[in-house]
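Enquirer: predicted model and sequence follow; I will ask about them next.
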Amino acid sequence: MKPVRTTVIVVITLAAALFVRRWVAAPIVIASESMAPTLALGHHLVLDRVVYLFREPRRGEIVSFRSPVGEEHESVKRVIAVPGDTVELREKKVYLNGEHIYERYAAYTRPDELLAGDNLGPLTVPAGHLFVLGDNRDNSLDSASWKDPATGAPVYFLPLTAVTGKVRGAY
């Protein structure tokens, strides 16, 4: 009788753990320098999978998502603009709805070098999409630099359907 009870407890525990990981919260590890200095390579964080079931991502939040350009891994970036916002990059500076925004979290590893995506827009974020950038602006594949692999055309916006969760604190 005890082995059956133990097996049932183990199966229920595993099912609950898998449910929580898939639908509630999951551990993630930062695998690139694109969010440095905010999130360093190797940081262990919790991905909140529930919050965006009740609301859309907000400006300034760090989100995890499936790549809109076909990369196999999920990425983590900061939301810069939401649907209806107009975003522009001028010589690496971000302008949101015509106003320059101060970004204390943004880092530039090549500040004197003008890179693709350092001048962009103005672009209006369409409904159902976001404009996202890595905090390490000169070393990030994001809305300023994504290209459609089939056509080479720029992909400026992340579909909300690709967002998998909000990045929360470290563990």
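Expert: Nice, thanks for sending it over.
Enquirer: rest of the way, CA atoms for contacts and neighbours
Expert: Will do.
Enquirer: flag the shaky bits of the protein, pLDDT-wise.
Expert: 1, 8-25 (pLDDT under 70).
Enquirer: hey, where'd the helices end up in it?
Expert: For the chain, the helices defined by DSSP state H occupy 2-23, 51-54.
Enquirer: the strands in this protein, which residues?
Expert: Ranges of strands within the chain are 25-29, 44-48, 62-66, 74-81, 86-90, 93-96, 99-100, 120-124, 129-133, 158-159, 163-170, based on DSSP state E.
Enquirer: just checking, what packs against the first one?
Expert: Judged by 3 or more Cα pairs under 8 Å, 6 or more residues apart in numbering; DSSP states H and E, the packing partners of strand 25-29 are strand 44-48.
Enquirer: what does the strand it packs on contact?
Expert: The contact list for strand 44-48 (Cα atoms under 8 Å, 6 or more residues apart in numbering) reads 24-30, 64, 165-171.
Enquirer: can you check stretch 54-61 too?
Expert: Outside stretch 54-61, the residues within contact range by Cα under 8 Å, 6+ apart are 63, 78-82, 160, 166-167.
Enquirer: now do the buried residues in it.
Expert: Buried residues in stretch 54-61, defined by neighbour count with 16 or more other Cα atoms under 10 Å: 57-58.
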